[in-house]
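[1] How does the following fold in three dimensions:
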Amino acid sequence: MTSDRRLKAGDPRFKGLTDVESYKDGRVWKYTVGASADYNAVNRRRREVAAKFPEAFIIAFRDGERIDVQAAIQEFKQRKNKK
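    Just a heads-up that it's a prediction; the model follows:
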């Protein structure tokens, strides 16, 4: 979800989601849920969130910067294979 202004926790537009985080991208506030380094957990959470927000999709960050999701998935697989 996006907004031109920062929304408070518990805003009704979050439709009851409580693990909402935000970041500013240019002049727009963007809202996310389900942050995790585990791609499988993120994908499960996306399916849950899609019940309320059908347009939900996965994004990835490294060190606070948004990165390509496919690159993040490859990193996740490499970390998983090292264990």
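
[2] So residue 6 is in contact with residue 20, correct?
    No: here residue 6 lies out of contact with residue 20, judged by C-beta atoms under 8 Å, at a distance of 11.3 Å. No exception for glycine: its C-beta is placed from N, CA and C like everyone else's.

[3] Name the nearest residue to residue 17, sequence neighbours excluded.
    Ranked by C-beta to C-beta, 6 or more residues apart in numbering and with sequence neighbours excluded, the top spatial neighbour of residue 17 is residue 33, at 5.3 Å.

[4] Show me which of residue 6 and residue 20 is the more surrounded one.
    In this view residue 6 and residue 20 are compared by other C-beta atoms under 10 Å, and residue 20 has more residues nearby, 17 against 10.

[5] Hmm, that one is touching residue 31, no?
    Yes: using C-beta under 8 Å, residue 20 is in contact with residue 31, at 5.5 Å.

[6] Overlap of the contact sets of the two?
    Shared contacts of residue 20 and residue 31, defined by C-beta atoms under 8 Å, 6 or more residues apart in numbering, comprise residue 14.

[7] Around residue 72, how many other residues sit close by?
    Residue 72 has 19 neighbours, counted by other C-beta under 10 Å.

[8] Buried residues in the helix or strand containing it, which are they?
    In this assignment (DSSP states H and E), residue 72 forms part of helix 69-82. For helix 69-82, the neighbour count (16 or more other C-beta atoms under 10 Å) marks 72, 76 as buried.

[9] Which strands and helices lie in contact with that helix?
    In terms of contacts (3 or more C-beta pairs under 8 Å, 6 or more residues apart in numbering; DSSP states H and E), helix 69-82 is packed against helix 39-49, strand 60-62.

[10] Now the most centrally placed residue in the chain. Nearest residue, chain neighbours left out?
    For the chain, residue 32 is the residue whose C-alpha lies nearest the centre (C-alpha atoms, centre = their mean; 4.1 Å). Spatially, and ignoring its direct neighbours in sequence, residue 32 is nearest to residue 21 (5.2 Å; C-beta to C-beta, 6+ apart).
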